[in-house]
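Colleague: Sequence and predicted structure, then a few things I'm wondering about:
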Number of protein chains: 4
Amino acid sequence: MKIAAKQFSLYGFHDTKISAIVKEANVTQPTFYLYFKSKDAIFQELIDLFKAELHKRVEQSKLATGIETSGLLQRIANSIALIFQLFQENEQVARIGFFLSEDAIEIKEQMAKQIEENLTVEVENGYFHSNIDLSIVASAIVGIIGHLTLTKLWAGLKTPDELSKEITRLFLYGLIREN
Amino acid sequence: MKIAAKQFSLYGFHDTKISAIVKEANVTQPTFYLYFKSKDAIFQELIDLFKAELHKRVEQSKLATGIETSGLLQRIANSIALIFQLFQENEQVARIGFFLSEDAIEIKEQMAKQIEENLTVEVENGYFHSNIDLSIVASAIVGIIGHLTLTKLWAGLKTPDELSKEITRLFLYGLIREN
Amino acid sequence: MKIAAKQFSLYGFHDTKISAIVKEANVTQPTFYLYFKSKDAIFQELIDLFKAELHKRVEQSKLATGIETSGLLQRIANSIALIFQLFQENEQVARIGFFLSEDAIEIKEQMAKQIEENLTVEVENGYFHSNIDLSIVASAIVGIIGHLTLTKLWAGLKTPDELSKEITRLFLYGLIREN
Amino acid sequence: MKIAAKQFSLYGFHDTKISAIVKEANVTQPTFYLYFKSKDAIFQELIDLFKAELHKRVEQSKLATGIETSGLLQRIANSIALIFQLFQENEQVARIGFFLSEDAIEIKEQMAKQIEENLTVEVENGYFHSNIDLSIVASAIVGIIGHLTLTKLWAGLKTPDELSKEITRLFLYGLIREN
DNA sequence: CATGAATGAGCATTCATTCAT
DNA sequence: AATGAATGAATGCTCATTCAT
């Protein structure tokens, strides 16, 4: 599965050939079919793996938010950092689940929903504006995380910590200069 | 090309068959090859189309920003709305160029760069913080626009105006409640 | 189709390879799929061909029986000869439809039904016993024709005429010696 | 072997998979190869089993004919009934040996030969016509038995006794109505 | 006596692309 | 300008069979 993940993430679903996977794995094609029902099946298996891990991590970030007693900014940054760390540690699987799969949108929407719930609590706690569409904010966060992962994290330009800090500041205080 | 765009945006590159395109176009396969060098070529042509249009539109939004005399928020919102309008009016081509193509990342980076330049001016004008990484902000904006297009705009849940307004407010003033 | 019929009749369905068919036909595999949807499809097409031809021939033999004014034995022998001739002229297709296909039993039952109808008329005309199960007689005739085709006709040991004459005599007068 | 017989008779040689046989037998594939040299081998073994049993039974029917002191019709009917009984009691193996195997024709020819010998005796005894080709009669009997087994016996429509009686009457006295 | 794990060899099918007209 | 007819080159998948234990 590691090898398959690598190939899929490198070449995409169609351009990844079973023959290439098994060659790199030093087994034969029938062996592949001993463990996986089909090309689609192993791809889906990888997606499900990522899906589960992502769900867990976002859930963790939720708990973290509640438990932490430090400042709001720090708490939120930590939550986001958790996600970036997942992407960093599982680049290949993440690329499949978050960018290559047809389930990607659904996965992102699911993630957005989790984040939205989190934000709702913050609004109830009086930290955030109540006059902003949280579904859009959540969706925006997902979009940002996804794109920064692709362009900054995986490009090696930024660390999870840096990214999460910058995002958090941006989201909390905005761009505008306070006079 | 319209038909090809439709098919590509519906089924993706690999699952779009030349045979299907020509059938819908009521021509034969050799006729297709009379006008396009290959499957890749027509795909690339569609991408280039989008690329050019996107570049133009982002440039316009830059000009708009400069020319507009109304408030900062309104000016920026207008700029972003222009992009969303492009996505709305050219859904199929946009889906190809911005999401399906392998050039997508490059296109987005190019767009981010344009936006970054714009932001730099605002910083110079003293509107924005100077202690924030504008390349990240630009990248974030691109990520947000992309994802909201997919989940809100094309889903018919929000209009370009609504989206651009919400985004702008979020980016300018942030989430945090001012006391 | 001629070549396919030959291969199928020689090797059976499974041991007939598309690659062999197209090689003998001097075309490539895609060309095959231009004209036939699948291996199953061309096999079924051959079966249907035989089915139709057999039905027609048995129907003809029915008419012939009614029209002919010569002796009963001769009339019946002619009817049966028609069937043997079909088998002789279309050995390959017949082997597929009558012996190799999974529809073979159904085809034979259909043939038996046609023959039974014919026999019923003869009984009504007073030529035959009425105290014999005609469905069995019809089924027996089918069994005989099938097996003699395989062992005598296609072995080149007997002609349609000889076979039909012998069968007819056997069926009409039986084996027992009249004292 | 029982399970293999069942599978072969249900699905034919090619569509029967060793994996399916061993699964139903609750053993593994290597275990299969411990007892049978190959797929062909077990198939052949089943055929030989049937072949031997058939030979024995037809031989018995020959003896029966000689020994029995009752009327000719009854004696012959008994002989044929013995065959039908074999088919009834060993449906699966019989289907393999008599219908599915490539040896089927040879087996049938062998059976026809035995029957022919039997008939020759009856001719010599003066019971039957001498101006009829006994090889055809024997072959016809084989064809009838085979096909009636398939369509009447195994369909549960007739018993061995009924079938043998009808066949015998038909063969002895024919269809024609005696005035 | 039995098996978990593996494989060699093959086969139907698909699809972008092109030739001759 | 257009096409009917064809193909080269793959690729996923299956199944009987065997090795090492």
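Modeller: The structure has been received and is ready for your questions. What you are looking at is a predicted structure, and each value in this text was computed from that prediction instead of being measured.
Colleague: what's the average pLDDT for stretch A:92-102?
Modeller: Averaged across stretch A:92-102, the pLDDT comes to 97.
Colleague: And DNA strand F, is it touching that?
Modeller: No - Stretch A:92-102 stays clear of DNA strand F (Cβ under 7 Å from any atom of the strand), getting no nearer than 14.9 Å. All C-beta atoms are positioned from the backbone trio N, CA, C, and that covers glycine.
Colleague: List the contacts of that stretch.
Modeller: By Cβ atoms under 8 Å, 6 or more residues apart in numbering or on different chains, the list of residues contacting stretch A:92-102 from outside reads A:2, A:5-6, A:8-9, A:12-13, A:43, A:46-47, A:49-51, A:53-54, A:86-87, A:103-104, A:107-108, A:146, A:149-150, A:154.
Colleague: can you rerun that using 6 Å?
Modeller: When contacts are defined by Cβ atoms under 6 Å, 6 or more residues apart in numbering or on different chains, stretch A:92-102 is touched by residues A:5-6, A:8-9, A:12, A:46-47, A:49-50, A:87, A:104, A:107.
Colleague: distance between the helix or strand encompassing A:Gln92 and the chain's centre?
Modeller: Take DSSP states H and E as the rule and A:Gln92 turns out to sit in helix A:91-94. The chain centre lies 9 Å from the centre of helix A:91-94; the measure is Cα atoms, centre = their mean, to the nearest Å.
Colleague: Enumerate the positions of that helix that are buried.
Modeller: Of the residues in helix A:91-94, A:91-94 count as buried by neighbour count, 16 or more other Cβ atoms under 10 Å in any protein chain shown.
Colleague: Same check on stretch A:104-124?
Modeller: Residues of stretch A:104-124 classed as buried under the neighbour-count rule (16+ other Cβ under 10 Å) are A:104, A:107-112, A:114-116, A:118-119, A:122-123.
Colleague: Against DNA strand E, which of the residues you listed make the cut? List them.
Modeller: Restricting the buried residues of stretch A:104-124 to contacts with DNA strand E (Cβ under 7 Å from any atom of the strand) yields no residues.
Colleague: Adding distance to chain B and secondary structure, write those out as TSV.
Modeller: TSV is the format used below for the buried residues of stretch A:104-124 (distance: Cβ to the nearest Cβ, whole Å; DSSP: H, G, I helix; E, B strand; the rest coil):
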residue	distance to chain B	secondary structure
A:Ala104	10	helix
A:Ile107	12	helix
A:Lys108	7	helix
A:Glu109	6	helix
A:Gln110	12	helix
A:Met111	11	helix
A:Ala112	7	helix
A:Gln114	14	helix
A:Ile115	12	helix
A:Glu116	12	helix
A:Asn118	12	helix
A:Leu119	8	helix
A:Glu122	8	helix
A:Val123	9	helix
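Colleague: between these, which is nearest A:Ala64?
Modeller: Sorting the buried residues of stretch A:104-124 by distance to A:Ala64 puts A:Asn118 at the head of the list, at 10.1 Å, by Cβ to Cβ.
Colleague: Pretty sure the closest one sits against A:Lys62.
Modeller: Yes - in this structure, A:Asn118 is within contact of A:Lys62 by Cβ atoms under 6 Å, at 5.1 Å.
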